[in-house]
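Q: I'll drop the sequence and a predicted model, then ask my questions.
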2 protein chains.
Amino acid sequence: MTITGQNLIAGEWSGKTEGGFKAFNAQTHKAIDIEFSDATELEVNTAIVRANEAFATYGQLSAQKRATFLRTIGEEILALGDELVEAACGETGLPAMRIQGERGRTVGQLNLFADLLDSGEYQGVIDRADGERQPLPKPDTRLGYLPLGVVGVFAASNFPLAFSTAGGDTASALAAGCPVVMKAHAAHPATAELVASAILKAIKACDLDLGVFSLIQGKNYGIATQIVTHPLVKAVGFTGSERVGMILQQQIHQRPEPIPFYGELGSINPQFIMPKKLESDSAEIAQGLVASLMMGQGQFCTSPGVWVAVGEKDSADYQSFVNAASESLIEQAAGVMLTPAMCAGYNAAVAEREALDKVTLLATGQAGNEQECSATLFETDFATFASTPLLQEEVFGFSALIVRCADANEMQQLVSLLKGNLTASIHALDSDLAESQKLSQTLVHKVGRLIYNQMPTGVEVCASMNHGGPFPASTNIRTTSVGSEAIIRFRRPICYQNMPVELLPALLRD
Amino acid sequence: MTITGQNLIAGEWSGKTEGGFKAFNAQTHKAIDIEFSDATELEVNTAIVRANEAFATYGQLSAQKRATFLRTIGEEILALGDELVEAACGETGLPAMRIQGERGRTVGQLNLFADLLDSGEYQGVIDRADGERQPLPKPDTRLGYLPLGVVGVFAASNFPLAFSTAGGDTASALAAGCPVVMKAHAAHPATAELVASAILKAIKACDLDLGVFSLIQGKNYGIATQIVTHPLVKAVGFTGSERVGMILQQQIHQRPEPIPFYGELGSINPQFIMPKKLESDSAEIAQGLVASLMMGQGQFCTSPGVWVAVGEKDSADYQSFVNAASESLIEQAAGVMLTPAMCAGYNAAVAEREALDKVTLLATGQAGNEQECSATLFETDFATFASTPLLQEEVFGFSALIVRCADANEMQQLVSLLKGNLTASIHALDSDLAESQKLSQTLVHKVGRLIYNQMPTGVEVCASMNHGGPFPASTNIRTTSVGSEAIIRFRRPICYQNMPVELLPALLRD
C-alpha cells in the first residue's frame, strides 16, 4: 500500500503533505522519506462534525452489528500483513516479534469487546411496574446505557498498535457506540495510516457512516487543543506523559460542559522485596527485575522503576541483591528508544539523577552506538527518597532506582509517600506473610493492580484486568483502559420510565 | 433531645455557638432561637483527619457489617420520632406528611444499600491462572473494588432528609466503605443535628471508629473550600445550584490530585405534549402538569419547568391547553419557600421573565401573606426560547414556561438546543407514535431519565433508577445519585494478580 501521508477525514484522504513533517526511523535516527500532513483546523472540525453526524446512526446500531464491525477491523489489520509490521518496526525501533505480539493483542482486544457485545452483558436492569404498591404505585423503570457521543483519542508513543489507532481506547469507544476522532502519534504516522486504512475497509464492509472514524495527522499542538475543547467531543482518551496530559486536562477544565478525560499519565511501579525473599532468592529476584526493566527499553507504562528492599547497607542479603542486580544490568545491551527526543529525554533524566546527592549510580548497561541508550541502575536510601520529589517521577526508559529501607517501618512510610501507580509487586516468601499482609493493606490504595511474586510488565487483556489507578497513573481512578470494563468509560446510564415497547431499545424490551 | 448547635467531630460535640448563625422558621420567616456554631478550620481539619484514620478500619469492614451499620442508622432515625418531623417542618416549611414520606424514603435508601451489600453483588470477577496457555501462561487475576477514602458531602436545601445528613450521598458512600464528612445545609441545621445524633448512636452500637462520620455546621463559605480542596478528601457529593456547584468544581480543578465531583446542579425537565395528546386530553394534561409543578412549591430537582406543545397560537387545541393550564394555576394556593432567600430569589426570577419581550405571564397563583410566594405560568414561542438563554435556566420554585412550537420540526430543533436535564417526559397517544419515536431518539441524549405519559416528580429508589444526566443536570454524566448504582461513585476497581489467599479480600477468595 502506498502511504499517502494524508489525514483520513470521514472516509476521504485529505490534506497537503508537501512541506509536512516526517517520521524518523528509530534505528538510524534518520527521517523516513514520506511527508505527512499537519491537519488544518478545517479538517479537524470536519472530522468531528462528521463523527457527530455518524453518531445519529452508529449510536443506535445493534450490539451485534457493532461486534461484527470490531471483528472486521481486526481481520483487516491482519490482512495488512508484513507491511504493517515493517512500518511499525521502522518507526519505533521495536523488534518484529514484539510488534507481531502487539498486533495479536490489538486484534484480541477488538474481539474481546465483540464477545462482550455478543454476550448481551451490560444490557441493564428492568424493574416492572406495580400498580398495587402503597402508598403510591410503582412505575416501570428500565436502566439502559447510551454511548456518550464523539470520542477524541490520542495515540501513545510506546504501543504503536495496542494503544494507538485501533487500540484499546478506540476499540472500547467503538464498542460503546461512539464514533472516534483519532490523533495519530507523530512518531508513527505511517503505522497509523495503515491501521486507519484497515478501519476504513471495515466501515465500508459493514456499510457504516464514513464519519464513524477519522485519523488526524500532525505535529501542531493546536490540533490537540481543538479536539479536547470542541463542543461536539464528549470524552477524551489519552496515554502519554503527565506533562502533556495535564495540559489537556486543564484545557478540558475550561470547557463550559465538563466531559470525562481518561488520561493514563505515569507510573513508577514500585517493587517490594520482602526480607525473607531477599535472604533466600536475591539473585533470582534481581535478575527478574532487570529482565522486566529491559522490556521495550523500559518504555512500558508498567516498567518497574523503583525497587524497595529492607536491609542495612552492609548486610549480606542486601549487598547480594544489589550486586546481582548490578551484575545483571551491566551485561544488558544498549538499545534505541522510540524517538530521538525520547533518547535525549532519557539521557537527561539519568544525568539529573546522577547529579543528586546520596543517589549512587550502581551500574550502567553496555554502551551502544550514537543512536542508542544504555540501561542504568541507581541506589539511594529511604531518607533521600522521602526528601527528593524528583525520585517519584517516572523515567521513561530502562532506568531503575533501588531504595534501601532500614526496616519494615521505613518501607511502610515509603508506601504512605507514594503517589498513585498502575501497579506494584510484592516479592515474598510464605515466611514473609505477616509483613506482606501489612504492606498490602496500605499499598493497595496506591495502585490499580497489586501483584504478588510476578513482574509488572505484561498486562492481561481480560475481564478482571484493571489498568488505571490513583493519580497520576490515571486522571480517573474509577476506570480502566484495558479489559472489558474499559467500555464503561464511553457510555452512561439512562432510565426509561413507563415506555411503550416501540420506544425502548431492543435489549430492554420484555 | 436538646439541640446543642454544635458540630459533631468524630463523636465529640464541638464548637462555640454564642454569636453563631440561626436557622429560620420557613413559615414565619423568623429566626429559630438556637445558635449554631460556624465550624472552625481546626474542627473541619480534625473531622477530615479523623475520617481518614477511620478509613483504615472502616474501609476494610465486611460488607455484612456495613449493611448492619446502614440498617442501624435507619432504625435510629425512626427512633427520633416526631421531634425530627417537627424540626424539619419548622426549618423548611414543608408539611408533616411530606417530611414523613421523605423520612421513609431516607430509611428505604439506607436499606436498599444494605440489601445490595448483603446480596454479595458487585463482588468482582475472577479469571483463574492457566499455566498451559501459549505463547505465555495466564496469571490469576481477580477484579475487586476499593472504597476511595474520605468523602465530603454537601446537604441539599430542598430535601432535608433524603439528600442531606443521612441521604443518598451519605448512604452510598458509607455503603462503599468511605467515611463521610457532611456539611449541613444552613437552612436546616437542627434537622441535621438530630440525624447526626442518630448516626452517632449507630456508630457506637456497631462499635465503629468514631471518625466514620462528622457533621460540620456553618454559613462560612470557607468551610466548603476547605473540604473540597483538602488532600485527604477523595470524592465530593453535592446537590444544589449551578452557581455554587461550579465554584466548587473550579476549586476541585485546582487540586494537584484530581478527585471525582458529583454535583447535581439544575434541570428544567422539559415536558413534550404531542399533537394527538394535545387534541384529545389538553385539560387533563394541563392539570397534571400544574399538580406536578406545585409539589414542594416547585422546589424539586425534577419539577417540570418547561412545557413544549405544537400548535398555532390561535388553534383550538393549543388554546384549550393554555386555558386549562392557566385556569388550574390561578387556583393554586400560595406557599412558603424553603428559606427567605429562596423566596426572594424566586420573585426576582419571575420579575426577570416578566420583563422579557415576547414572554407573556399567562397566570399567577393565589396571593399569600408576606412570607409566601405565588405560582406563575409564562408562555413564549420557539423563536424567543431559542434566542433567550435565560429561559433555559432553572427557576427554583413553582414557575413554568409554555413554549409553543409551530410544528414538529420546531420541536425537534428545540431538543437540539436543550442543555442537559435530569428528566424529560413525552405525553402522547398511540397515534403520536411515529413522532414520539423520532422525538425520543434525540431527546434521550439530553436527559438522565426519559418518561412516557408520567410526570417527572417522584423519583423511584430502585436498581434501575438514574438520577443524573448531561451537564448541568450532573457534573458527571456517567453516574446517578439515586438508586443502587450510586454506590459505584465512591469505589474503584482494583486488580489482584497471583495473590495468595491470605492477601485477598474475603469476597475474592475461592
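A: That came in fine, so what should we check first? Residues are numbered from 1 along each chain as shown, chains lettered A, B, ... in the order given.
Q: The nearest residue to A:I477 once chain neighbours are set aside and A:R98, how far apart?
A: Closest residue in space to A:I477, ignoring its immediate chain neighbours: B:R492 at 4.8 Å, by C-beta to C-beta, 6 or more residues apart in numbering or on different chains. Bear in mind the C-beta positions are built from the backbone N, C-alpha and C, glycine included. As judged by C-beta to C-beta, to the nearest Å, B:R492 and A:R98 stand 31 Å apart.
Q: quick one: which of those two has more around it?
A: B:R492 (27 against 16; other C-beta atoms under 10 Å in any protein chain shown).
Q: got a list of what the residue nearest to A:I477 touches?
A: Residues near B:R492 by C-beta atoms under 8 Å, 6 or more residues apart in numbering or on different chains: A:468, A:477-478, B:145-146, B:148.
Q: Now the phi/psi pair for it, please.
A: Backbone torsions for B:R492, taken as degrees, to the nearest 10, come to phi -150, psi 160.
Q: For beta bridges, what are the partners of it?
A: B:L146 (DSSP bridges).
Q: pLDDT at it, what is it?
A: Among the per-residue scores, B:R492 holds a pLDDT of 96.
Q: what does the one 10 residues further on give?
A: The pLDDT attached to B:E502 in the predicted structure is 95.
Q: pretty sure it is in contact with A:K438, am I right?
A: No - the criterion here is C-beta atoms under 8 Å, and B:E502 misses it with A:K438 at 11.5 Å.
Q: what's near enough to touch the closest residue in space to A:G365 that isn't next to it in sequence?
A: Leaving aside its sequence neighbours, A:G365 sits nearest to A:A375 (C-beta to C-beta, 6+ apart; 3.5 Å). By C-beta under 8 Å, 6+ apart, A:A375 lies in contact with A:290, A:293-294, A:297-298, A:329, A:332, A:334, A:364-365, A:398-399.
Q: 6 Å instead, please
A: Neighbouring residues of A:A375 by C-beta atoms under 6 Å, 6 or more residues apart in numbering or on different chains: A:329, A:332, A:365, A:398.
Q: For the closest residue to the last one other than its chain neighbours, what are phi and psi?
A: By that I understand A:F398. Nearest in space to A:F398, with sequence neighbours left out and distances taken as C-beta to C-beta, 6+ apart, is A:G298 at 3.1 Å. The phi/psi pair for A:G298 (degrees, to the nearest 10) reads phi 80, psi 10.
Q: Residues of chain A that sit close to chain B?
A: A:125, A:127, A:139, A:141-143, A:253, A:257-258, A:440, A:449-452, A:454, A:460, A:462-466, A:471, A:475, A:477-478, A:480, A:492-493, A:495-499, A:502-503 (C-beta under 6 Å from any C-beta of the partner chain).
Q: Among these, name the ones in strands.
A: Of the residues of chain A next to chain B, the ones assigned to strands by DSSP state E are A:125, A:127, A:141-143, A:449-452, A:492-493, A:495-497.
Q: what secondary structure does A:R71 sit in?
A: At A:R71 the chain is in helix, as set by DSSP: H, G, I helix; E, B strand; the rest coil.
Q: burial of A:K276, as a residue count?
A: 17.
Q: Buried residues, the helix or strand harbouring it. List them.
A: Counting by DSSP states H and E, the element that carries A:K276 is helix A:275-294. For helix A:275-294, burial by neighbour count (16 or more other C-beta atoms under 10 Å in any protein chain shown) applies to A:275-279, A:281-282, A:285-290, A:292-294.
Q: ok so, going back, most neighbours among the contacts of B:R492, which one is it?
A: Counting neighbours by other C-beta under 10 Å, A:G468 leads these with 30 neighbours.
Q: list the contacts for it?
A: Residues in contact with A:G468 (C-beta under 6 Å, 6+ apart) are A:448, A:474, A:479-480.
Q: what's the closest non-adjacent residue to it?
A: A:S474 (4.0 Å).
Q: Now do the one you found, the pLDDT please.
A: 97.
Q: how much space between it and B:I477?
A: In terms of C-beta to C-beta, A:S474 sits 18 Å off from B:I477.
Q: contacting residues for A:E41?
A: The neighbourhood of A:E41, defined by C-beta under 6 Å, 6+ apart, contains no residues.
Q: about what we covered before: can you list the neighbours in contact with the helix holding A:K276?
A: Residues outside helix A:275-294 that contact it (C-beta under 6 Å, 6+ apart): A:273, A:304, A:307, A:309-310, A:317, A:320-321, A:324-325, A:328-329, A:332, A:398, A:400, A:427-429, A:431-432, A:455, A:457.
Q: hmm, try it at 8 Å
A: By C-beta under 8 Å, 6+ apart, helix A:275-294 touches A:271, A:273, A:303-304, A:307, A:309-311, A:317-318, A:320-322, A:324-325, A:328-329, A:332, A:375, A:377, A:398, A:400, A:408, A:427-429, A:431-432, A:435, A:455-457.
Q: pLDDT weak spots in chain A?
A: A:121-122 (pLDDT under 70).
Q: any idea how far the helix holding A:K276 is from the chain center?
A: 26 Å (C-alpha atoms, centre = their mean, to the nearest Å).
Q: which helices and strands sit right next to the helix or strand following it?
A: Downstream of helix A:275-294, the next assigned helix or strand under DSSP H and E is strand A:306-310. Packing partners of strand A:306-310 (3 or more C-beta pairs under 8 Å, 6 or more residues apart in numbering or on different chains; DSSP states H and E): strand A:271-273, helix A:275-294, helix A:316-330, strand A:399-405, helix A:408-417.
Q: how many degrees apart are strand A:306-310 and strand A:399-405 in direction?
A: Computed by axes from the mean of the first three to the mean of the last three C-alpha atoms, to 10 degrees, the angle separating strand A:306-310 from strand A:399-405 equals 20 degrees.
Q: Could you list the alpha-carbon positions for strand A:306-310 in CSV?
A: What follows is strand A:306-310, C-alpha atoms only, in CSV (Å, rounded to 0.1, in the frame of the first residue of the first chain):
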residue,chain,number,x,y,z
VAL,A,306,11.6,1.7,41.9
TRP,A,307,12.8,-1.4,43.8
VAL,A,308,12.4,-1.3,47.6
ALA,A,309,14.4,-3.6,49.8
VAL,A,310,14.9,-3.8,53.5
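Q: now that strand and helix A:316-330, what's the angle there?
A: 160 degrees.
Q: wouldn't A:G335 be in contact with A:N369 here?
A: No - counting by C-beta under 8 Å, A:G335 stays clear of A:N369, with 10.4 Å between them.
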